[in-house]
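Engineer: Fold the following for me, if possible:
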Amino acid sequence: MSTDEPPHPTATANTSANTPRPADTPRSLAEALRSREDDALAGLLHARPDLLSPVPTDLTQLATRAGTRASVVRALERLDRFAQQVAQTLAVAPEPTTYDEVLGLLAGDDGDPAVAEALPHALGTLHEQALVWGPDDRLRLVRTARELLAPSPQHPSPTGLGPTVAEATAGMSPTRVQGIVAAAGLPTTHDPVSAVESLTALFTDRARMSALLDQAPAEAVEVLSRLVWGPPYGQVTADPARHLRWLLDRGLLLPTAPGTVVLPREAALHLRAGRAHRSPEPVPPPVVAAREHRPQVVDATAAGQAYTALATVEELLKEWDEGGPAVLRAGGLSVRDLKRTAVALDLPEPVAAFWVELAYSAGLVASDGEADERYAATPAYDEWQELPAPERWAALATAWLPATRTAGLIGGRDGKDRTLSALGPHLDRSAAPEVRRRVLALLAALPEGAEPDADSLLARLHWERPSPAVRDLRSRIAGWTLNEAELLGVTGRGALSTHGRALLGDDTTARARGAAAARLLAPLLPQPLDHVLLQADLTAVAPGPLERPLAEALAVLADVESKGGATVYRFTPGSVRRALDAGQSASDLHAFLAAHSRTPVPQPLAYLIDDVARRHGHLRVGAASAYVRCDDEALLNEILADKRSQGLRLRRLAPTVLAAQADPGTLLEGLRSMGFAPAAESAEGDVLITRAHARRTPPRSAPEPVPDGPPLPDDTLVAAAVRAIRAGDLASTAPRKEVHETPSGSLPRTTSAETLATMQAAVMTGEAVWIGYVNAEGAASQRVIAPVRVEGGFVTAYDHTADEVRTFALHRITGVAELADDE
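Structural biologist: As a prediction, the model looks like this:
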């Protein structure tokens with residue numbers, strides 16, 4: 001069990017380690033945690049939620065888990081740059097060290113007020129996260145963190161420092177060590193340990209070290225200047241040059257392997273004027289504004305883009321309404337289908353991929369689960385369409401912000417060199433929600449209407465999470481976030497909008513924040529119109545957003561020709577036939593246009609409707625495989641004589657009936673391509689009416705975000721965990737009477753009779769006892785209980801571990817011991 005007990009003192013020049021330890025100084029991380037208040041323990045569990053899975057039984061187990069490699073690596077990666085620099089400094093400082101020594105290594109001989117001001121907070125963060133323990137005069141870095149951050153040839157330290165003199169001379173012969181001491185002008189000693197201490201004292205003495213370097217050849221000083229900031233290792237030949245021999249003789253370069261030398265840490269620190277880092281960064285770089293806009297312009301621009309976002313999602317789902325593209329065998333959308341969708345939306349492919357992923361994250365689109373699996377709208381899409389426009393936008397925005405699916409990855413390659421497809425697997429990145437929120441929070445910290453400078457924003461994010469393992473991905477997610485926020489209408493002209501700020505509000509739930517954003521957006525969105533402007537060139541102009549029933553009806557009757565501030569619709573024979581196929585009559589269409597046009601219905605449009613309606617349904621197509629029925633024999637003769645009908649393989653069954661070997665759908669399309677206007681009919685001879693919006697998936701829930709590690713615990717869970725850990729620690733550390741038959745500190749096995757007798761005696765005396773207990777699931781635990789009643793094979797007792805009254809089965813108690821008298 002590793003609870004970060006301090007290692008045994010080594011023979012090094014470590015003045016802190018040789019200082020007597022006060023009686024109240026913790027000897028291990030477990031003892032340091034035991035001395036914390038409950039609020040401090042709760043802060044640790046909030047900062048490192050992986051320590052809660054599962055809840056530790058006591059503080060010793062919590063300390064052990066906090067020192068595991070995976071947990072320490074995770075905690076170090078989440079530190080900001082200065083906190084990491086402090087941890088790196090502790091890894092190259094003596095152990096234990098003092099606050100003043102750490103400050104000196106960070107600020108250097110000349111001091112640095114910014115470092116001095118920021119150090120208490122950084123050390124407090126390391127203390128809170130149990131990466132550092134001990135008082136200010138005996139600070140210790142958790143052993144695992146020290147192993148990760150300490151310099152080694154395989155893993156150079158970010159500080160650029162090498163090993164200490166003691167570490168570098170550990171395998172050196174005593175004669176060689178004494179020779180170095182003599183060449184450095186120091187008296188020889190009686191043993192190598194004192195010789196190393198003498199050499200270390202020389203290198204750490206500023207005055208004597210300066211005097212020694214004043215004697216160095218100029219070439220030797222140049223060599224030291226190349227090694228001083230790292231890497232500290234260099235190569236030498238078997239017969240080094242005179243200036244290199246001068247450095248080797250005096251221990252300023254020490255051999256670590258054949259042909260390899262290193263600059264000792266103490267010498268490097270002298271050359272650096274005491275600094276462990278070349279450039280400490282105690283202050284986060286500011287996010288500066290690239291340009292500023294009036295807040296009203298920002299809000300208006302963002303609102304316009306929010307309206308476009310709603311229209312784009314609606315157009316996407318209409319495109320897939322009657323059955324969208326097929327699902328790939330490995331999952332996701334094919335490259336061809338994504339291109340087809342991008343063309344239909346008149347958008348670049350990356351932008352179309354974003355809208356597809358957003359609709360999926362909002363639960364508006366999913367696979368239908370059929371044998372021939374395809375994507376289609378979900379029932380939630382119909383509910384979403386019925387909402388007011390601001391609420392529909394809020395639903396999209398609140399789905400985007402916490403989503404782990406990252407549309408920017410689409411088209412790239414995964415670790416196995418497979419293409420990442422839209423709606424496919426492997427698009428989840430658990431860092432995405434945190435980066436999105438942080439980017440928006442940094443925008444919110446700027447003055448209203450300020451557009452950030454992208455480079456300064458990335459520099460701030462890099463300072464907050466400098467770990468190379470996540471830096472590149474976080475940078476890309478930040479860039480995608482800025483673009484996606486603009487597309488969605490969260491920002492306008494690069495600046496955070498008023499309704500975008502509401503998404504980051506203080507409300508506890510995403511629903512409440514979305515509702516607040518919707519209220520702020522509502523006055524900015526244009527009101528839907530109930531009219532269009534018909535023109536003589538068979539077009540209709542919608543000068544703004546249309547009411548939903550009007551927009552849906554017009555989308556069936558006409559084709560969209562152009563979009564923008566005003567939408568232009570064009571009436572064609574095909575679009576009019578589409579409306580007639582949907583069950584409308586010519587009179588219905590005339591009445592609809594007259595009711596919703598601010599201009600008279602143009603004569604060419606009226607003629608177009610009447611002409612298509614007159615010919616519509618004259619031919620009837622049914623299933624034979626398929627047949628064509630028409631009362632006009634001459635029309636059927638015309639079809640048979642047309643060479644374009646040869647692919648349909650038609651033959652006459654009767655004067656008014658033709659049979660085809662094609663299916664009804666193919667026959668309908670073939671006849672329409674020849675310029676006819678057939679209508680499909682049922683087996684009873686009735687005209688089949690085709691309506692849009694026919695395909696929906698079964699109910700589907702939106703995809704759950706993939707968290708980065710265990711989910712963040714709430715205050716209730718953390719408070720309960722702290723109580724359980726405290727109670728378990730009480731049970732494991734409670735003084736007990738010695739039982740000579742068993743090893744000291746272990747729980748004795750007792751017979752049922754002994755257990756019953758001890759429990760009955762405890763009820764009479766009111767004393768607490770220590771028990772071992774195995775529950776119904778077979779999990780063993782140790783508890784401190786105060787028995788209240790023993791009857792029927794059960795003992796009712798107050799359980800100090802759980803802080804409540806419980807009933808225990810006597811046959812499940814494996815052992816019992818009385819607590820010591822002083823307890």
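Engineer: where exactly do the helices run in the stretch 51-200 of the chain?
Structural biologist: 59-66, 69-77, 81-92, 99-107, 113-128, 143-149, 165-168, 174-183, 192-204 (DSSP state H, counting those that start in this stretch).
Engineer: ok, and what's touching the third one?
Structural biologist: By C-beta atoms under 8 Å, 6 or more residues apart in numbering, the residues outside helix 81-92 that reach it are 76, 79, 97, 102, 105-106, 118-119, 122-123, 125-126, 131-132, 139, 141, 145-146, 148-151, 157-159, 161, 265, 276-277, 280-283, 462-464, 466-467. To be clear about C-beta, it is placed using only N, CA and C from the backbone, and glycine gets the same treatment.
Engineer: make it 7 Å
Structural biologist: With C-beta atoms under 7 Å, 6 or more residues apart in numbering as the test, helix 81-92 has contacts from 76, 79, 97, 102, 105-106, 118-119, 122-123, 125-126, 131-132, 139, 141, 145-146, 149-151, 157-159, 161, 265, 276-277, 280-282, 463, 466.
Engineer: List only those of those residues flagged as buried.
Structural biologist: Buried members of the contacts of helix 81-92, counted by 16 or more other C-beta atoms under 10 Å: 76, 79, 97, 102, 105-106, 118-119, 122-123, 125-126, 131-132, 139, 141, 145-146, 149-151, 157-159, 161, 265, 276-277, 280-282, 466.
Engineer: circling back to that earlier point, would you list the helices of the stretch 51-200 of the chain in JSON lines and tack on distance to Val439 and mean pLDDT?
Structural biologist: Below are those laid out as JSON lines (distance: least, C-beta to C-beta, whole Å; pLDDT from 0 to 100):
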{"stretch": "helix 59-66", "distance to Val439": "31", "mean pLDDT": "90"}
{"stretch": "helix 69-77", "distance to Val439": "19", "mean pLDDT": "92"}
{"stretch": "helix 81-92", "distance to Val439": "18", "mean pLDDT": "95"}
{"stretch": "helix 99-107", "distance to Val439": "30", "mean pLDDT": "94"}
{"stretch": "helix 113-128", "distance to Val439": "22", "mean pLDDT": "95"}
{"stretch": "helix 143-149", "distance to Val439": "29", "mean pLDDT": "92"}
{"stretch": "helix 165-168", "distance to Val439": "43", "mean pLDDT": "90"}
{"stretch": "helix 174-183", "distance to Val439": "55", "mean pLDDT": "88"}
{"stretch": "helix 192-204", "distance to Val439": "46", "mean pLDDT": "91"}
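Engineer: between the ones you listed, which one is nearest to Leu589?
Structural biologist: helix 69-77 (64.4 Å; C-beta to C-beta).
Engineer: just the angle between that closest one and helix 59-66, please?
Structural biologist: 70 degrees (axes from the mean of the first three to the mean of the last three C-alpha atoms, to 10 degrees).
Engineer: Quick one: list the elements packing against helix 69-77.
Structural biologist: With contacts taken as 3 or more C-beta pairs under 7 Å, 6 or more residues apart in numbering; DSSP states H and E, helix 69-77 sits against helix 143-149.
Engineer: ok, for Thr237, nearest residue in space, not its chain neighbours?
Structural biologist: Gly259 (7.3 Å; C-beta to C-beta, 6 or more residues apart in numbering).
Engineer: Might one say that the one you found is in contact with Gln235?
Structural biologist: Yes. Using C-beta atoms under 7 Å, Gly259 makes contact with Gln235 at a distance of 5.7 Å.
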